[in-house]
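1. Sequence and predicted structure below; questions after.
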Amino acid sequence: MNQEIELKLDVGPGALQALSEMAIWQGHTRQTLNATYFDTPGLALNKAGLSLRLRQGIQTLKALGPQGMGLFDRGEWEGPAPGGALDLEAFKNTPLNALNLKPSDLLPIIQVDVDRSTLVTDWQQSRIELSLDQGTVWADSHQAPLCELELELIEGKLGDLFDLANRLGQTVRLVPALTSKAGRGYGLLARPESGRSDRPLSPDISGLTRGQAFYRLATDILAQVLVQSEALRLHRRPEAVHQTRVALRRLRALIGLFKSVLDGPDLAALKASLKSVAQALGPARDLDVLIADLSRLDPAPQALIAALSEQQAQAYDSACQMIEAPEFGQVMVSVLRFIELGHWRTATGLQGHRRDRSVAKHARKTLKRLRQVLKRQGRGLLNMTPAQMHALRIRAKNLRYGLEMFGSLYPKQGQARQALLKTVKALQDQLGAANDKAMGLALIAAHPEVMSPAELTILGERLWPDKTVARATAQKTLQTALSMVKFWSAKA
């Protein structure tokens with residue numbers, strides 16, 4: 001068995017030619033590859049974490065390791081296929097043997113046809129094979145284009161793969177690939193026309209250490225960022241803007257939840273880059289919310305909506321330009337590198353001790369702390385300024401994310417958790433109304449050509465409720481949340 005370690009990167013729109021013209025590709029070879037993937041009608045291999053490929057007279061079995069997004073670390077068994085047909089006898093001492101399959105059990109289910117450019121290069125302290133693939137993935141009657149760069153570590157240091165990716169990504173957009181070629185095909189079989197992810201809100205982290213829990217949550221959320229940002233790039237819809245921002249906020253919140261495990265010299269720059277990406281999406285989201293609110297009025301201020309819609313289109317242009325830029329790809333690759341190779345992975349002493357302890361106790365302490373912060377900062381809510389209410393909203397949001405991400409640790413307290421989660425979400429929305437009003441008034445005031453100050457005052461009264469009533473409602477919801485059972489407590 002060989003161990004294949006490779007970094008898979010999706011090549012951004014229009015970047016293929018620029019990437020292929022880089023000096024590093026001098027002396028590369030080109031070939032056309034036609035691969036067929038086999039599985040049972042019930043997809044037994046896929047369910048077992050295996051893929052079986054026949055390509056150019058070579059049969060290859062791959063088994064997914066612990067990684068499976070961007071960075072792939074897989075067991076690989078490869079050999080000749082006599083006569084161009086599968087020879088299952090050659091896989092006797094592999095995980096495939098446990099499935100007890102006969103050749104007649106297997107069907108060709110995925111076809112992958114690519115034009116490949118290949119080059120082996122010495123980079124820093126490593127020897128790396130670069131493969132640039134462009135082609136099509138076929139499954140059943142569905143197809144999807146493929147354009148990806150593979151960096152395979154032949155020998156050397158894993159960090160050198162990321163260093164090379166960073167170098168190549170300075171001028172072209174490269175983002176971590178969510179799945180393998182076979183995975184793309186299985187995705188077509190499952191949901192060929194959907195851009196949405198089937199992932200649950202948060203994965204199961206029961207029985208894990210803090211480090212393992214962070215790893216599982218972080219890779220899951222990074223995948224959500226990549227899925228939603230691609231949906232925004234392709235479709236330019238308000239929901240995609242919203243979900244991309246949510247995923248970025250969840251990733252930043254996750255870092256906060258595990259700060260004692262993650263702290264190190266590489267953390268500050270990562271947090272700053274994620275914040276910068278999220279801020280670039282802010283104008284589009286603010287305009288989406290305001291235009292939606294204005295459109296619900298009867299009668300709706302059509303001239304104002306038209307003016308704001310022009311501004312909205314410009315905001316979407318800026319957001320999509322950011323997502324399509326090389327810098328966005330570098331941020332995403334840096335996040336993956338932090339997850340895989342960050343300082344926290346090898347830290348010793350107290351930090352290493354924290355990383356290797358059970359996540360269950362960490363969750364209890366964290367949820368207790370988040371509730372205490374919300375309670376302390378919520379004092380005097382009725383007299384808060386919009387900025388103070390916005391800060392309190394962030395505290396409510398952090399508690400909400402903690403309740404979601406640690407949810408799998410409390411299967412027997414599901415009802416209590418859901419009740420608190422629902423109440424905290426309501427509080428978050430109520431506190432957000434003040435920020436929406438302040439942002440909305442500022443956006444509208446920028447268009448005096450369609451609305452006078454007097455008209456703006458009247459419109460504001462129609463759009464947003466009396467601030468005293470809004471604060472009183474939020475105060476009541478906060479008190480309700482703080483009175484609910486602390487299900488994470490050992491005494492609950």
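-> That came through fine.
2. now the longest helix along the chain, how far from the chain's geometric center?
-> Looking across the chain with DSSP state H, the single longest helix is helix 414-445. When C-alpha coordinates are averaged (Cα atoms, centre = their mean, to the nearest Å), helix 414-445 and its chain have centres 23 Å apart.
3. got the angle for the helix or strand just after it vs helix 414-445?
-> Later in the chain than helix 414-445, the nearest helix or strand by DSSP states H and E is helix 453-463. Orientation check (axes from the mean of the first three to the mean of the last three Cα atoms, to 10 degrees): helix 453-463 against helix 414-445 gives 170 degrees.
4. quick one: contacts for the nearest residue to D87 once chain neighbours are set aside?
-> Nearest residue to D87, sequence neighbours excluded (Cβ to Cβ, 6 or more residues apart in numbering): A81, at 6.0 Å. To be clear about C-beta, it is placed using only N, CA and C from the backbone, and glycine gets the same treatment. By Cβ atoms under 8 Å, 6 or more residues apart in numbering, the contact list for A81 reads 54, 57-59, 87.
5. Among those, find me the one that's closest to E155.
-> Set against E155, the nearest of these by Cβ to Cβ is I58 (21.8 Å).
6. Got the phi and psi for the closest one?
-> Dihedral pair for I58: phi -120, psi 130, per degrees, to the nearest 10.
7. my read: it touches P80, true?
-> Yes. Counting by Cβ atoms under 8 Å, I58 does reach P80; the two are 6.4 Å apart.
8. which residue sits closest to W464 in space, ignoring its chain neighbours?
-> Distances taken as Cβ to Cβ, 6+ apart place K437 nearest to W464, at 4.3 Å, with adjacent residues excluded.
9. mind listing what the one you found touches?
-> Taking Cβ under 8 Å, 6+ apart, one finds 386, 460, 463-464 in contact with K437.
10. Can you say which of those residues are buried?
-> Buried members of the contacts of K437, counted by 16 or more other Cβ atoms under 10 Å: 386, 463-464.
11. contacting residues around R233?
-> Applying Cβ under 8 Å, 6+ apart, the residues contacting R233 are 13, 320, 323-324.
12. and the host helix or strand of it, which residues are buried?
-> Using DSSP H and E, the element containing R233 is helix 210-235. By neighbour count on 16+ other Cβ under 10 Å, the buried set for helix 210-235 is 210-233.
13. for stretch 10-18, same thing?
-> Result for stretch 10-18 [16+ other Cβ under 10 Å]: buried residues 10-12, 15.
14. which outside residues touch that stretch?
-> Contacts for stretch 10-18 (Cβ under 8 Å, 6+ apart): 19, 132, 134, 147-149, 171-178, 233, 324, 326, 329.
15. what about the longest helix of the chain, average pLDDT?
-> For helix 414-445, mean pLDDT is 92.
16. where along the stretch 101-250 of the chain do the strands fall?
-> 107-123, 126-139, 142-155, 174-176 (DSSP state E, counting those that start in this stretch).
17. mean confidence score for the shortest one?
-> What that stands for is strand 174-176. Per-residue scores along strand 174-176 average to 96.
18. Kindly report the same for the second one.
-> For strand 126-139, the mean per-residue pLDDT is 96.
19. residues contacting I323?
-> Counted by Cβ under 8 Å, 6+ apart, I323 has contacts 229, 232-233.
20. about what we covered before: buried ones in the longest helix of the chain, by neighbour count?
-> 416-417, 419-421, 423-428, 430-441, 443-444.
21. try stretch 477-488
-> 477-478, 481-482, 487-488.
22. now for those, which pair is the farthest apart?
-> Largest pairwise distance in the buried residues of stretch 477-488, by Cβ to Cβ, is 20.3 Å, between T477 and W488.
23. residue ranges with poor pLDDT in the stretch 101-250 of the chain?
-> Confidence mapping of the stretch 101-250 of the chain against pLDDT under 70 gives the ranges 191-200.
24. burial of T171, as a residue count?
-> 12 (other Cβ atoms under 10 Å).
25. ok so, going back, which one of the buried residues of stretch 10-18 is nearest to G282?
-> Closest to G282, out of all of these and judged by Cβ to Cβ, is G12, at 22.7 Å.
26. Can you give me the distance of the closest one to G42?
-> 36 Å (Cβ to Cβ, to the nearest Å).
27. Likewise for W488?
-> Relative to G42, W488 is positioned 40 Å away (Cβ to Cβ).
28. can you check E404 too?
-> 33 Å.
29. okay, these two: which has more neighbours?
-> Remark: of E404 and G42, E404 carries more neighbours, 17 against 9, as counted by other Cβ under 10 Å.
30. The more buried one belongs to a helix?
-> Yes. Applying DSSP: H, G, I helix; E, B strand; the rest coil, one finds E404 inside a helix.
31. Excluding chain neighbours, what is closest to it?
-> Distance criterion Cβ to Cβ, 6+ apart; nearest residue to E404, sequence neighbours excluded, is S202 at 5.2 Å.
32. So what's the residue count around the one you found?
-> Neighbour tally, S202, other Cβ under 10 Å: 19.
33. List phi and psi for it.
-> Torsion angles, degrees, to the nearest 10, at S202: phi -140, psi 140.
34. Next up, the contacts around it.
-> With Cβ under 8 Å, 6+ apart, S202 has these contacts: 217, 220, 404-405, 407-408.
35. thought Q430 was touching A470?
-> Yes. Here Q430 reaches A470: they are 6.7 Å apart, a contact under Cβ under 8 Å.
36. and the protein, what are its domains?
-> Here the domain parsing of the chain from automatic domain parsing is 2-190, 199-357, 359-492.
37. Now the residue lying closest to L482 once chain neighbours are set aside: which helix or strand?
-> Using Cβ to Cβ, 6+ apart and skipping the chain neighbours, the partner closest in space to L482 is K375 (5.5 Å). Per DSSP H and E, K375 falls inside helix 359-377.
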